[in-house]
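K.L.:
Fold the following.
(chains A and B)
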Amino acid sequence: MNFPILSSLILLPTIGALFLLFSKDKNSNTGKYVALFTSFVNFLISIYLWYLFDPSTSSFQFVESREWLKGFVNYKVGIDGISILFITLTTLITPLCIISVNNTIKFRLRDFLIAILVMESLMIGVFCSLDLVVFYLFFEAGLIPMFLIIGIWGGARRVYSAFKFFLYTLLGSVLMLIAIISIYWIAGTTDIVQLYELGIDTKYQNLLWLAFFSSFAVKTPMWPVHTWLPDAHVEAPTAGSVLLAAILLKMAGYGFIRFSLGLFPVASELFTPLVYSLSLIAIIYASLVALMQEDMKKLIAYSSVAHMGFVTLGIFTITQQGIEGSIIQMISHGLVSAALFLCVGVVYDRMHSRLIKTYGGLVSVMPKYSILFMLFTLAALGLPGTSGFIGEFLILMGAFKDNFLVAVIASFGVIFGAAYMLWLYRRVVFGNLINKDLLKIPDLDNSEKFILWSLAIPVLFFGFYPEPLINTIEVSVNDLIEMYNFNVNMYAPEVKK
Amino acid sequence: MNNLNFISPEIFISLSIMSLLILGVFKKNSSSLIHNLSIGLLLITGILILNNPFDTAVTLFGNSYVIDSLSSLMKILTIIGGAFVLSISTKYLKISKIFLIEYPILILCSILGMMVMISSNDLMVFYIGLELQSLALYVLASFNRDHLKSSESGLKYFVLSALSSGLLLYGCSLIYGFSGSTNFNIIGNSMDSTHYGLTFGIVFILVGLAFKISAVPFHMWAPDVYEGSPTSVTLFFAIVPKVAALTVFIRFLYVPFFNMIDQWQPIIVFLSIASMIFGAVAAIGQNNLKRLVAYSSIGHVGYALAGLSVGTNEGIQSSIVYISIYLVMNLGLFSCLFMMKRNDEYFETIDDLSGLSKNHPVLSLSLLVILFSLAGIPPLAGFFAKFYIFKSVIEQSMYFLAIVGLLSTVIAAFYYLRIIKVIYFDEEREKYDTDHSVWLKISLTFSTLLILLYFIFPSKLVEIVSRINII
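P.N.:
Prediction:
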């Protein structure tokens, strides 16, 4: 067996966290450098992994398998074109989060870094696990550090938000656990590769699909179970919001592609109208709600709901364009929403207010900030030349192919998106500088500049040149759709649209 | 004489009890000595049990007493529980001024009773064991006799427990009447399973047993007794008698009455569902940690019963795995309770934990691990315990039980989270003392690490338990 590169990706942050746990000093910078070092090494490993990755095949690569729960579950990890992108996203965002703690986390820095590093391990684990039980383990374990991040370092209503986040997600997930155990008894294994080959008896698929859906819908979040997200985002510290928006939400989109489509094609076909309706409601409703927000973080949180609506819409078009668009949209949203939360964090650290009305006229005091903020605003509304455009465009293309009406309604979401993002930008950055306190605040410091530019570069790069992304996922997506269509035609041609 | 060889642990522990009693009477101020001696004697008993054959079943005394893998494992669990209770509670007993010779002797007595219960293969033997352990427990509950609540809890436990023993005895006599024997195997072979008399007998015995493990709706005594008893006795109550009663449950249901599974399965399923839901909902309003543990143990018993209700070897095994992990989690939780001490006073409400993480990071981290594990969040041991239970439940397509069980874990998660919230999110208070005994530290470290690292070698425990095949 080769060097277990995926396991080391998963373990490395935890080892860093253990190192921090046993270090004596609680608030000094040494801890931060250790955390930064581990997560940066992890980033390099994942880039190297991407480089080694062979995009011409859809079978899983770098597979490691070890006996774990004797007799029925193996610890099995491996990646295909879809997971490698999310892993790289995770390892890119985490070091940026760690850099950003400079100004935001004022106490118990060491504990915070431990939580972030453990979180990174678990998130990478989610994206490369090839066994349902292992996946569930990573998926659920992430609740613990996130609960602590929101609860300890959060804002005024942090307890409420942390509880809501935890209980909502747990409630969705326990049904998935029942489904996973049922799959074991129905199909005799929880190994995803084997399940792809064997298929799951069509008569069970509907209930199993719904159980998985309950978990992913909460995590996505889809309307009407999205209400935990604005609360969690608003109360979480900046780094927490970034992790939540950039990576945690993507677990659900990833889950839809990997499990709902891959394991339950017939049920997915049957429930497509349900997902379409919920996605459209999410897009339109969340956009309208976002228009009315006075709190910047809340506005971006609702925009996340709308963007994730596009993602679920794209996934369930089951077209090459739709699914590729969804994946790119997730990556793009991971970068852009992370950047937007960091942008809010930047002004929050200076003014200690997230209300839009506190600001206005920032362009004259923070010109550099305004440029970057504008870039991310435009990326969020999907301006051509940014990665946001590629995602939304492909999703809408896939949607047009599948259902004209759905695509038309979804297109309205793009317009609303432009409306609330531009209006936010106008109110914060332009206009007259009324609040005299704003005159005293400094522009971006070096670390903030570094973080925002590290996010801006991939946003622009993939906006102009999405080839690397599409190349990586193309074969995997293509084979997934082929397998899906084959299954649907074979077992349930009557549900085919 | 051959028979005596196999029951050497029971003989040894009886002799130890008697000699310790004599020693206590004739030697003044010997509580400390007797305390330590009893721990040592317990460990020797444990070694004697390990000496017995594990994989082959041996029946003794006209088939009324059985030594097999189930009995050996459960006896080991009781011994471990008892030894930890004795070793970590020394300081607590001294401070509460109840560091007396009777305490370890009573614990040994009840452990002896439980060992008899665990090995019994006959209704009479089982009843003798049950009464021996109960009598010792009544005294233990009211051990802090100058304390109003302790006396109350002892009395309450005595009255209700006597009632349940009466029901149980009535059930035994019904079964004897309709099957002609008290021996489990003979009952199993000779009975006419369609007869209502037997069903009544089973129901009465199940009621009595459900009382002993505090399953809803026979749980009323638990919160008061848990709260009133001295904390070390609460710990004992929370883990050790449950192990013994669960074994009797297994043997009683699966040896004589396995072919009447359609009659008793709905009862167990009901007990299980009611306990899981009640344990989760009723604990939400509690502020006293000992009361909270009472409700949480009701909930956990519900999960163990869920595994028992399935009717397969895997189900039984999952229950045993559950109760073993539950034992470790409770040991950890109570070790934390024993550490909440300031100026010779123990604290036991949730509010007293406020902001603990700032002054006692290690203690809080352990509590965090233990509480998340009790809530059943992966990757901690508590998750695997529940996972095995639901795996065996779903195998038999008992989806309703599985869904109710998992949904009540979400409700239960709420009150565990509330404790974590108090520890981590709230304002700090005065520091607690840190001069804990070595045993307390060892027990906390041991249980926390076991819970935290269980996921690395999750199959070890299951492998041992999978050698238990009753059916």
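K.L.:
use CA for all of it now, contacts and neighbours both
P.N.:
Noted.
K.L.:
any idea how far B:Leu209 lies from B:Leu253?
P.N.:
11 Å (Cα to Cα, to the nearest Å).
K.L.:
mind showing which ranges of the stretch 51-200 of chain A have poor pLDDT?
P.N.:
Within the stretch 51-200 of chain A, no range satisfies pLDDT under 70.
K.L.:
for chain B, what are the nearby residues on it?
P.N.:
Residues of the stretch 51-200 of chain A found near chain B (Cα under 8 Å from any Cα of the partner chain) are A:68-70, A:137-138, A:140-141, A:148, A:151-152, A:159, A:163, A:167, A:170-171, A:174-175, A:178, A:181-182, A:185.
K.L.:
what number of residues lie near the nearest residue to B:Phe455 once chain neighbours are set aside?
P.N.:
Excluding its sequence neighbours, the residue lying closest to B:Phe455 (Cα to Cα, 6 or more residues apart in numbering or on different chains) is B:Pro379, at 6.2 Å. Other residues lying near B:Pro379 total 24 when counted by other Cα atoms under 10 Å in any protein chain shown.
K.L.:
Pull the contacting residues for B:Pro379.
P.N.:
A:Leu137, A:Phe138, A:Ala141, B:Leu452, B:Phe455 (Cα atoms under 8 Å, 6 or more residues apart in numbering or on different chains).
K.L.:
Next up, identify which helix or strand it is on.
P.N.:
Per DSSP states H and E, B:Pro379 falls between elements, in no helix or strand.
K.L.:
Need phi/psi at it.
P.N.:
As for B:Pro379, its main-chain torsions (degrees, to the nearest 10) stand at phi -100, psi 30.
K.L.:
what's the distance between it and A:Leu12?
P.N.:
Distance from B:Pro379 to A:Leu12, by Cα to Cα: 18 Å.
K.L.:
How about B:Phe61?
P.N.:
Distance from B:Phe61 to A:Leu12, by Cα to Cα: 59 Å.
K.L.:
Between the two, which has more neighbouring residues?
P.N.:
Set B:Phe61 next to A:Leu12 and count neighbours by other Cα under 10 Å: A:Leu12 wins out with 20 against 9.
K.L.:
Next one: that one, what pLDDT does it get?
P.N.:
On pLDDT, A:Leu12 comes in at 89.
K.L.:
for chain B, what are the low-confidence residue spans?
P.N.:
Counting by pLDDT under 70, chain B has low-confidence residues at B:1-2, B:191-194.
K.L.:
mind checking how far the top helix by length along it is from the chain centre?
P.N.:
Counting residues, the longest helix found in chain B (DSSP state H) is helix B:148-179. Chain-centre distance of helix B:148-179: 18 Å, with Cα atoms, centre = their mean, to the nearest Å.
K.L.:
what comes up buried for that helix?
P.N.:
B:149-158, B:161-162, B:164-165, B:167-176, B:178-179 (16 or more other Cα atoms under 10 Å in any protein chain shown).
K.L.:
thinking B:Leu363 is in contact with B:Leu337, fair?
P.N.:
No. Using Cα atoms under 8 Å, B:Leu363 is not in contact with B:Leu337, being 10.2 Å away.
K.L.:
Compare the two and say which one has the larger neighbour count.
P.N.:
Shown here are B:Leu363 and B:Leu337; by other Cα under 10 Å, B:Leu337 has more neighbours (21 against 18).
K.L.:
Sticking with that one, tell me its helix or strand.
P.N.:
Assigned by DSSP H and E, B:Leu337 belongs to helix B:313-339.
K.L.:
need the next SSE after that helix, C-terminal direction.
P.N.:
Going down the chain from helix B:313-339, the next helix or strand is strand B:341-342, by DSSP H and E.
K.L.:
So which elements touch whatever helix or strand comes next after that next one?
P.N.:
Heading C-terminal from strand B:341-342, the first helix or strand you meet, by DSSP H and E, is strand B:345-346. The helices and strands touching strand B:345-346, judged by 3 or more Cα pairs under 8 Å, 6 or more residues apart in numbering or on different chains; DSSP states H and E, number zero.
K.L.:
can you map out the helices along the stretch 251-400 of chain B?
P.N.:
B:261-282, B:289-308, B:313-339, B:356-359, B:361-375, B:381-395, B:399-425 (DSSP state H, counting those that start in this stretch).
K.L.:
ok, and which of the ones you listed has the densest surroundings?
P.N.:
With neighbours taken as mean count of other Cα atoms under 10 Å in any protein chain shown, the helices of the stretch 251-400 of chain B reach their highest mean count in helix B:289-308, at a mean of 28.
K.L.:
Can you list the buried residues in stretch B:435-454?
P.N.:
Neighbour-count burial for stretch B:435-454 [16+ other Cα under 10 Å]: B:439-441, B:443-445, B:447-452, B:454.
K.L.:
ugh, wrong one, I meant stretch A:19-39
P.N.:
Quick answer for stretch A:19-39 (16+ other Cα under 10 Å): A:Leu20, A:Leu21, A:Gly31, A:Lys32, A:Val34, A:Ala35, A:Leu36, A:Phe37, A:Thr38, A:Ser39.
K.L.:
what do you get for stretch B:90-101?
P.N.:
Buried residues in stretch B:90-101 (16+ other Cα under 10 Å): B:Thr90, B:Lys91, B:Tyr92, B:Leu93, B:Ile98, B:Phe99, B:Leu100, B:Ile101.
K.L.:
For that stretch, measure first residue to last.
P.N.:
Counting by Cα to Cα, you get 12 Å between the two ends of stretch B:90-101.
K.L.:
gap between that stretch and the chain center?
P.N.:
23 Å.
K.L.:
And stretch A:276-286, by the same measure?
P.N.:
On the basis of Cα atoms, centre = their mean, stretch A:276-286 sits 18 Å off its chain's mean C-alpha point.
K.L.:
Same check on stretch A:420-427?
P.N.:
24 Å.
K.L.:
What of stretch B:87-95?
P.N.:
On Cα atoms, centre = their mean, the centre of stretch B:87-95 falls 20 Å from the chain's centre.
K.L.:
Just the residues contacting it, thanks.
P.N.:
For stretch B:87-95, using Cα under 8 Å, 6+ apart, the contacting residues are B:Asn36, B:Ile39, B:Phe99, B:Ser232, B:Ser335, B:Phe338, B:Asp344, B:Glu345, B:Ser437, B:Trp439, B:Leu440, B:Ser443.
K.L.:
same check, this time on stretch A:160-173
P.N.:
A:140, A:143, A:147-148, A:150-151, A:211-212, A:214-219, A:228-229, A:231-232, A:235, B:407, B:410, B:413-414, B:417.
K.L.:
ranges for the strands of chain A?
P.N.:
A:61-69, A:73-79 (DSSP state E).
K.L.:
next one: the shortest one to chain centre, how far?
P.N.:
Strand A:73-79 has its average C-alpha position 22 Å from the chain's average C-alpha position, going by Cα atoms, centre = their mean.
K.L.:
list the helices and strands that strand packs on?
P.N.:
Using 3+ Cα pairs under 8 Å, 6+ apart as the contact test, the elements touching strand A:73-79 are helix A:5-21, strand A:61-69, helix A:109-128, helix A:132-141.
K.L.:
can you rerun that using 6 Å?
P.N.:
Using 3 or more Cα pairs under 6 Å, 6 or more residues apart in numbering or on different chains; DSSP states H and E, the elements in contact with strand A:73-79 are strand A:61-69, helix A:109-128.
K.L.:
Could I get the CA-only coordinates of the shortest one as CSV?
P.N.:
Read that as strand A:61-69. What follows is strand A:61-69, C-alpha atoms only, in CSV (Å, rounded to 0.1, in the frame of the first residue of the first chain):
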residue,chain,number,x,y,z
GLN,A,61,-8.3,7.2,-6.1
PHE,A,62,-5.9,7.0,-3.1
VAL,A,63,-8.2,4.5,-1.6
GLU,A,64,-7.3,3.3,1.9
SER,A,65,-9.2,0.6,3.6
ARG,A,66,-8.8,-0.7,7.1
GLU,A,67,-10.8,-3.1,9.2
TRP,A,68,-12.6,-1.0,11.8
LEU,A,69,-15.9,-2.2,13.2
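K.L.:
So for it, what gets flagged as buried?
P.N.:
Neighbour-count burial for strand A:61-69 [16+ other Cα under 10 Å]: A:Gln61, A:Phe62, A:Val63, A:Glu64, A:Trp68, A:Leu69.
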